[in-house]
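Q: No sequence on hand, only this structure:
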């Protein structure tokens with residue numbers, strides 16, 4: 001799946017999903033808390049919520065959408081395929097779902113983990129010291145971490161291959177070379193993030209552009225490595241099985257590759273987005289909305305819960321200090337003088353019409369007196 005503005009003045013609002021919905025993976029349930037991220041899944045979708053819990057939906061034959069109770073309230077990041085690998089708030093790792101190759105049996109890791117990745121039948125963890133720990137299926141050497149690797153700053157797992165970025169920005173790949181997924185282009189340049197699909201690899205470059213390599217012919221070539229021209233200002237990349245996704249700094253989601261289930265038909269309503277994750281034949285995003293006071297609750301949700309928005313502009317009055325008519329940071333007698341100067345005037349956007357009812361009158365004076373004192 002694909003899941004998706006950055007900045008401190010935004011709060012998570014909702015998760016959107018589109019594409020295949022045969023297994024319910026694109027039917028987003030009512031979430032008990034705000035979503036901050038989403039995780040990849042073959043036939044399921046996961047969302048990490050602001051309280052550290054995980055919501056999962058969809059159906060798979062391996063239990064990946066059944067979240068263990070002992071991880072709830074502790075999850076900070078998650079990735080999946082037919083299984084899920086979660087990074088917990090204490091730097092440890094949990095995994096569940098398909099375990100036919102030991103991919104959900106987490107080994108002892110002797111250092112705090114800062115990132116995790118789930119492939120088709122294997123799992124990766126990146127420790128704070130820059131080492132990569134891999135476990136699970138090794139039929140193509142995908143967990144045979146190169147001895148000369150590191151230190152590493154980012155990881156990704158594909159169907160049968162693994163990817164890492166060294167501190168120098170160099171991308172390293174190992175495992176199956178189906179479709180040339182592990183053949184890193186020469187002179188690639190420094191990368192800051194990577195993603196991996198079934199038979200392809202994506203790299204986000206330091207200049208905000210995207211590079212891709214892997215399958216380019218045959219029945220599994222859906223154009224997933226054909227990066228659209230003109231893409232720049234990218235802040236995140238993600239890979240589905242056979243489609244690719246980029247998230248721009250302005251919250252726009254760009255998708256290319258296989259689209260048989262509409263997984264690249266990004267809804268306008270899903271943007272601006274803040275986080276993306278690739279998966280099977282569906283896509284998802286986390287939408288962000290304005291949060292003027294940076295309290296993690298969107299302005300719209302605050303107003304819906306009863307916060308005053310007298311001028312109806314969608315911003316809580318506590319953020320605007322709408323009665324500070326002379327804009328000196330304090331609601332006081334000077335503002336009353338300004339108000340009286342416009343007394344009785346009517347019309348749209350008249351200065352002094354604090355409650356936006358079209359006339360400067362006693363109702364506005366009441367609002368002003370109720371807001372008396374320093375602006376918060």
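A: Arrived safely, thanks for sending. Predicted model only: the values in this text are computed from it and were never measured.
Q: In three-state terms, label residue 368 for me.
A: The three-state label given to residue 368 by DSSP: H, G, I helix; E, B strand; the rest coil is helix.
Q: That one and residue 352, how far apart?
A: 9 Å (CB to CB, to the nearest Å). Heads up, the C-betas are built off the backbone N, CA and C, glycines and all.
Q: Mutual contacts of these two, please.
A: Counting by CB atoms under 8 Å, 6 or more residues apart in numbering, the contacts common to residue 368 and residue 352 are 325, 339.
Q: In the protein, what helix or strand scores lowest on average pLDDT?
A: Least confident helix or strand of the chain, by mean pLDDT, DSSP states H and E, is strand 10-19 with a mean of 73.
Q: so after that one, what's the next helix or strand?
A: strand 35-39 (DSSP states H and E).
Q: Given that following strand, what are its sheet partners and their directions?
A: As defined by DSSP bridges, the strand partners of strand 35-39 come to strand 44-49 (antiparallel).
Q: I'd like to know which elements the helix or strand following the strand it pairs with is packed against.
A: Counting by DSSP H and E, the next helix or strand C-terminal to strand 44-49 is strand 54-58. With contacts defined as 3 or more CB pairs under 8 Å, 6 or more residues apart in numbering; DSSP states H and E, strand 54-58 has these neighbours: strand 44-49.
Q: any idea of the angle the strand it packs on forms with strand 54-58?
A: Strand 44-49 runs at 160 degrees relative to strand 54-58, counting by axes from the mean of the first three to the mean of the last three CA atoms, to 10 degrees.
Q: could you give me the average pLDDT of strand 44-49?
A: In this model, strand 44-49 has a mean pLDDT of 94.
Q: Equivalent analysis for stretch 24-37, please.
A: 90.
Q: what about it, start to end distance?
A: By CA to CA, to the nearest Å, the extent of stretch 24-37 from end to end equals 19 Å.
Q: Then stretch 38-48?
A: Using CA to CA, the end-to-end distance of stretch 38-48 comes out at 6 Å.
Q: So what's the gap between it and the chain middle?
A: Relative to its chain's centre, stretch 38-48 lies at 12 Å (CA atoms, centre = their mean, to the nearest Å).
Q: most centrally placed residue in the protein?
A: Nearest to the mean C-alpha position of the chain, by CA atoms, centre = their mean, lies residue 275 at 1.6 Å.
Q: is it true that that one touches residue 247?
A: Yes: shown here, residue 275 and residue 247 form a contact pair, counting by CB atoms under 8 Å, at 7.4 Å.
Q: which SSE is the residue nearest to the centre of the chain in?
A: Using DSSP H and E, residue 275 maps to strand 273-276.
Q: Which helix or strand lies directly C-terminal to that strand?
A: Once strand 273-276 ends, the next helix or strand along the chain (criterion: DSSP H and E) is strand 282-290.
Q: same for that next one, what does it pack against?
A: Other elements packing on strand 282-290 under the criterion 3+ CB pairs under 8 Å, 6+ apart are strand 10-19, strand 35-39, strand 44-49, strand 273-276, helix 299-304.
Q: Now these in TSV, please, with extra columns for distance to residue 75.
A: Shown next, in TSV, are these (distance: least, CB to CB, whole Å):
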stretch	distance to residue 75
strand 10-19	15
strand 35-39	9
strand 44-49	5
strand 273-276	14
helix 299-304	22
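Q: what's the closest of the ones you listed to residue 372?
A: helix 299-304 (22.0 Å; CB to CB).
Q: Show the average pLDDT along whichever helix or strand comes after that closest one.
A: Using DSSP H and E, the helix or strand that directly follows helix 299-304 along the chain is helix 317-320. On average, the pLDDT along helix 317-320 is 81.
Q: which residues in this structure form helices?
A: Taking DSSP state H, the helices of the chain run over residues 299-304, 317-320, 333-341, 362-370.
Q: want to try JSON lines for those, with distance to residue 105 as columns?
A: Formatted as JSON lines, the helices of the chain follow (distance: least, CB to CB, whole Å):
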{"stretch": "helix 299-304", "distance to residue 105": "40"}
{"stretch": "helix 317-320", "distance to residue 105": "49"}
{"stretch": "helix 333-341", "distance to residue 105": "66"}
{"stretch": "helix 362-370", "distance to residue 105": "61"}
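Q: Please produce a markdown table containing those helices, extended by mean neighbour count.
A: Output for those, formatted as a markdown table (neighbours: other CB atoms under 10 Å):
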| stretch | mean neighbour count |
| --- | --- |
| helix 299-304 | 17 |
| helix 317-320 | 18 |
| helix 333-341 | 15 |
| helix 362-370 | 16 |
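Q: ok, residue 117 - contacts?
A: Taking CB under 8 Å, 6+ apart as the contact definition, residue 117 lies against 79, 85, 123, 124, 125, 155, 156, 157, 162, 196.
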